[in-house]
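Trainee: below are the sequence and a predicted model; questions follow.
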Amino acid sequence: MTYEPVIGVEVHAQLLTRSKMFCGCSTDFGQPPNTQTCPTCLGLPGSLPVANEAAVHMAIRAGLALNCTIRSSNWFARKNYFYPDLPKGYQISQYEEPICEHGWIPLEVHGTTKRVRIRRAHLEEDAGKNIHASAGSGSLVDLNRAGTPLLEIVTEPDLHSADEVDAYLKALRDILRYLNVCDGNMEEGSLRCEPNLSLRPKGETTFGTKVELKNINSFKFVKDAIDYEITRQTQVLNEGGTVHQETRLWDTAKGKTAVMRSKEEAHDYRYFPDPDLMPLHISEGWIEQVREGLEELPQAKLQRFINDYDLPDHDARVLTSSRTLADYYETCVQLGAQPKATSNWVMGELLRELNHAGIGAEDAPVTPERLVELLTLVEDGTISLKAARELFPEFYASGKTAHALIQETGLRQVSDEGPLTEFIQTVIANNPSQVAQYREGKEAVLGYFVGQVMKASGGKANPKKVNDLLKTALLGNE
């Protein structure tokens, strides 16, 4: 039997607010355990929650970017379950009336474009974190994260492979980063993915039994977990077994999924409106104000870079992979740099140094103005392209101007005809057989002469100027 995977994805995106969803505690990552808590996020008797307006604003921005309808009236609900990292015994979330619903994003996979429908995106608070000691000696609970604002984004079951899920997650992360509502850092838990996967015989429309996958903190592990689960469920069905509705954890060490618990239904959580929070009313004026302030999104910027700067698709995708990198590139072009040459330098030399340092374009020690200075010197022949690339690591690290470094290193390119003519005449005199070959019509020999002149000049001769002068000199000496 051939089976078709049917996959929906739940993503929990931590919003980039300074304070938590329902209290004023800090959301800074990496602080000592249980130092960012108060009676409200600890669930102590008598404490009352107050909704974070900045989180609501970010949810509206994200919803509009995902082509969602923003509900003018929605409310918070209590999602009841018991776990050590949930101090109140319930999570404040949204259920029947989410803030965003019925959206979609475009997705391109292997040259094919499709829409992935967004069922809903709702606000909720995060739970704390269980820390399990080694050798089974006990577990600890850190509640610093409890109450951190999340936007849970849920797709329809529109995805059918690990590659499609991977492409969707990266597209979604790019949108959230462009909006500056989530940093997308899966390693720190600020973007968490939970695929829901089932199989059905190819050609059928009814759904199979759904399995939810948890504990996945990288795009690679998402793909690995989905591929493993497809193989596992296929084997179960082909052997006449039954796939059970359950939640399974991804074990990175073993490269397999393992049962965590049976999968709950919505009624298991006993949702009901939170009596401590008023219904949330969002005016049309607020929605339109947010819509007018939306940044250019990744897909639109990608197409504009291709159209306006005549860039290849690959270049445009790399440059628009982050908003700060796209802004860096575009600033260089606006300062007068050539679009394609700038693309080559940003994707090559600059990104190599940034990746090595583990920083983004916003923290690059080489400003767009400094990079354009170097590119201008390459274009006008002051320094050769090869020499500029060799110089770049020091240029990046030193903070010196391109002019100063060229002066210090003696890499200024020789373009004056006098010195170049002397090099050329010497090379011609020392290579009579090659001169004869050139005059007999073997024009490829010209490359040999250029190389010899470059060698004689210590690599400082202007190759274009050498090329032009050589042609004249070789013919003039006939």
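Mentor: Sure thing, it's come through.
Trainee: what about K214, how many residues close to it?
Mentor: 17 (other CB atoms under 10 Å). (Each C-beta comes from the backbone N, C-alpha and C, glycine too.)
Trainee: give the contact list for it.
Mentor: By CB atoms under 8 Å, 6 or more residues apart in numbering, the residues touching K214 are E194, T247, R248, L249, W250, M260.
Trainee: now do it against V6, distance only.
Mentor: Distance, K214 to V6, using CB to CB, to the nearest Å: 18 Å.
Trainee: before we move on, what about A429?
Mentor: 77 Å.
Trainee: could you pull out the buried residues of stretch 432-442?
Mentor: Within stretch 432-442, the residues scored as buried using 16 or more other CB atoms under 10 Å are Q434, V435, Y438.
Trainee: try stretch 78-97
Mentor: Here stretch 78-97 shows 78-79, 85-88, 90-95, 97 as buried, counting by 16+ other CB under 10 Å.
Trainee: among these, which pair sits farthest apart?
Mentor: Largest separation among the buried residues of stretch 78-97 by CB to CB: D85 and E97, giving 26.6 Å.
Trainee: list the strands paired with the strand ranked longest in the chain, with their directions.
Mentor: The residue-count maximum for a strand in the chain (DSSP state E) belongs to strand 112-125. Sheet partners assigned to strand 112-125 using DSSP bridges are listed as strand 100-109 (antiparallel), strand 149-155 (antiparallel).
Trainee: for those strands, which has the smallest mean pLDDT value?
Mentor: Among the strands paired with strand 112-125, strand 100-109 has the lowest mean pLDDT, at a mean of 94.
Trainee: residues contacting the residue lying closest to D313 once chain neighbours are set aside?
Mentor: Computed as CB to CB, 6 or more residues apart in numbering, the closest residue to D313 that is not its neighbour in sequence is I306, at 6.5 Å. I306 is in contact with P312, D313, A316, counting by CB under 8 Å, 6+ apart.
Trainee: tell me how the protein divides into domains.
Mentor: Following automatic domain parsing, one gets these domains for the chain: 3-287, 296-409, 417-476.
Trainee: and the ones you listed, which one's lowest on average pLDDT?
Mentor: Among the domains of the chain, domain 417-476 scores lowest, with a mean of 76.
Trainee: the contacts of K214 in helices, which ones?
Mentor: Among those, none falls in helices (DSSP state H).
Trainee: ChimeraX command for the buried members of those?
Mentor: The buried residues among these can be selected in ChimeraX (16+ other CB under 10 Å) with this line:
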select :194,247,248,249,250
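Trainee: which of the contacts of K214 lies closest to N238?
Mentor: R248 (19.1 Å).
Trainee: so the closest residue to the closest one other than its chain neighbours: helix, strand or coil?
Mentor: The shortest distance from R248 to any non-neighbouring residue, by CB to CB, 6+ apart, is to T257 (4.1 Å). When classified by DSSP: H, G, I helix; E, B strand; the rest coil, T257 comes out as strand.
Trainee: surely T257 and D227 touch.
Mentor: No: in this structure T257 lies outside contact range of D227 using CB atoms under 8 Å: 10.8 Å.
Trainee: A429 and V6: which has the busier surroundings?
Mentor: Taking other CB under 10 Å, A429 and V6 do not tie; V6 has more neighbours (19 against 10).
Trainee: tell me the SS of that one?
Mentor: strand.
Trainee: same question for H12.
Mentor: strand.
Trainee: would you mind measuring from it to D268?
Mentor: Counting by CB to CB, the gap from H12 to D268 is 19 Å.
Trainee: out of the buried residues of stretch 78-97, name the ones that lie in strands.
Mentor: R78, K79, Y90, Q91, I92, S93.
Trainee: how close does the fifth one get to A77?
Mentor: For I92, the distance to A77 under the criterion CB to CB works out to 8 Å.
Trainee: same check on the third one?
Mentor: Distance of Y90 to A77, given as CB to CB: 9 Å.
Trainee: all helices of the stretch 251-400 of the chain, in order?
Mentor: Ranges of helices in the stretch 251-400 of the chain, per DSSP state H, counting those that start in this stretch, are 284-292, 298-309, 313-319, 323-334, 339-345, 351-357, 368-379, 385-398.
Trainee: now the strands paired with strand 112-125 in a markdown table, with distance to E125 and mean neighbour count?
Mentor: Converted to a markdown table, those look like this (distance: least, CB to CB, whole Å; neighbours: other CB atoms under 10 Å):
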| stretch | distance to E125 | mean neighbour count |
| --- | --- | --- |
| strand 100-109 | 17 | 18 |
| strand 149-155 | 7 | 23 |
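Trainee: quick check: end-to-end length of stretch 67-80?
Mentor: This stretch, stretch 67-80, spans 30 Å end to end (CA to CA, to the nearest Å).
Trainee: which residues touch that stretch?
Mentor: So stretch 67-80 is contacted by 51, 60, 63-64, 89-105, 118, 121, 123-124, 269-274, 277, 279-284, 287 (CB under 8 Å, 6+ apart).
Trainee: ok, now which ones touch Y83?
Mentor: For Y83, the contacting residues are A127, by CB under 8 Å, 6+ apart.
Trainee: again, but for G208
Mentor: Residues in contact with G208 (CB under 8 Å, 6+ apart) are Y3, V6, S198, L199, R200, Q233, V243.
Trainee: quick one: stretch 157-165 to chain centroid distance?
Mentor: Stretch 157-165 sits 19 Å away from the centroid of its parent chain (CA atoms, centre = their mean, to the nearest Å).
Trainee: same question for it: list its buried residues.
Mentor: P157, D158, L159, S161, A162, E164, V165.
Trainee: relative to L169, how far out is the fifth one?
Mentor: Meaning A162. A162 is 11 Å from L169, where distance means CB to CB.
Trainee: returning to what we had before: got a markdown table for the helices of the stretch 251-400 of the chain, with distance to A444 too?
Mentor: A markdown table is the format used below for those (distance: least, CB to CB, whole Å):
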| stretch | distance to A444 |
| --- | --- |
| helix 284-292 | 61 |
| helix 298-309 | 35 |
| helix 313-319 | 31 |
| helix 323-334 | 37 |
| helix 339-345 | 27 |
| helix 351-357 | 34 |
| helix 368-379 | 27 |
| helix 385-398 | 21 |
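Trainee: determine which of those helices approaches H110 most closely.
Mentor: helix 313-319 (13.7 Å).
Trainee: which strands or helices does that closest one pack on?
Mentor: helix 298-309, helix 323-334, helix 339-345 (3 or more CB pairs under 8 Å, 6 or more residues apart in numbering; DSSP states H and E).
Trainee: please identify which of those is closest to L354.
Mentor: Using CB to CB, the helices and strands packed on helix 313-319 put helix 323-334 closest to L354, at 8.5 Å.
Trainee: what's in contact with that closest one?
Mentor: With CB under 8 Å, 6+ apart, helix 323-334 has contacts from 177-178, 180, 295, 301, 305, 309, 318-320, 339, 342-343, 346, 350-351, 360-362, 364, 368, 371-372, 375.
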